[in-house]
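Enquirer: Predicted model, plus sequence, below.
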Amino acid sequence: KAGVTQTPRYLIKTRGQQVTLSCSPISGHRSVSWYQQTPGQGLQFLFEYFSETQRNKGNFPGRFSGRQFSNSRSEMNVSTLELGDSALYLCASSLKGDNSPLHFGNGTRLTVT
Amino acid sequence: GQQVMQIPQYQHVQEGEDFTTYCNSSTTLSNIQWYKQRPGGHPVFLIQLVKSGEVKKQKRLTFQFGEAKKNSSLHITATQTTDVGTYFCAGIGNQFYFGTGTSLTVIP
């Protein structure tokens, strides 16, 4: 079974630009969640989607948005990038999104200059 | 809001020594999960604890869930260089609340 696939692996953007990250979950997994990982901050929850609906949202500004498609693939968008948005963005899928273990992708390393 | 704290943040041990990381939640958890992230890698699920006072073992790893379901620990006996990485606990509420992680370095 293929794992969670995130594209691109690396991204360099400048302040003010926007970026879209993509995540393909494990086949059959209907829940996709996104996390921001920075040194010393651990994993910060961004949002979770299940069956194309956002079920939970973390404490991030409205510049961070996402969506999920009917095939469970998900995208995350960050507009008006700031230097502090530089981080590893991890996508995780799970079977049902309740207490099911998370399966993480390799992440997208975003650098904002 | 709900918070999950994890200590220590960093731990250096000599190979063969034991290692323990502790996880504490500000609220009662329905269950807790543990993940390991190798350097340059992504978090990988290790185990889930559900019952109050539950203890589970995976070879040299022992996981405990507190009686009040507000704390948990991971203990590694006789560390090996393959144990290197960051260990995260995740408290499960309406979302996953990850601890800040404990970075383990094993000195050969």
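Expert: Alright, I've got the coordinates.
Enquirer: Pretty sure B:Glu17 sits in a strand.
Expert: No: counting by DSSP: H, G, I helix; E, B strand; the rest coil, B:Glu17 falls outside a strand, being coil.
Enquirer: Could you pull up phi and psi at the residue nearest to it when sequence neighbours are not counted?
Expert: Take B:Glu17 and drop its neighbours on the chain: the residue closest to it by CB to CB, 6 or more residues apart in numbering or on different chains is B:Thr79, 5.8 Å away. All C-beta spots, glycine's among them, are computed from the backbone N, C-alpha and C. With angles defined as degrees, to the nearest 10, B:Thr79 sits at phi -60, psi 150.
Enquirer: Quick check: residues of chain B near chain A?
Expert: B:1, B:6, B:9, B:30-31, B:33, B:35, B:41-45, B:48, B:88, B:90, B:92, B:94-101 (CB under 8 Å from any CB of the partner chain).
Enquirer: go again using 7 Å as the cut-off
Expert: Residues of chain B found near chain A (CB under 7 Å from any CB of the partner chain) are B:30-31, B:33, B:42-43, B:45, B:48, B:88, B:92, B:94-96, B:98-101.
Enquirer: Let me know how buried the residue lying closest to B:Val50 once chain neighbours are set aside is, in neighbour terms.
Expert: Nearest non-adjacent residue to B:Val50, counting by CB to CB, 6+ apart: B:Asn31, 4.4 Å away. If you count neighbours by other CB atoms under 10 Å in any protein chain shown, B:Asn31 ends up with 17.
Enquirer: how close does B:Asn31 get to A:Asn59?
Expert: 23 Å (CB to CB, to the nearest Å).
Enquirer: Where does the prediction get shaky in the chain?
Expert: Went with chain A since none was named. For chain A, the stretches with pLDDT under 70 are A:1.
Enquirer: try again with chain B
Expert: B:1-2.
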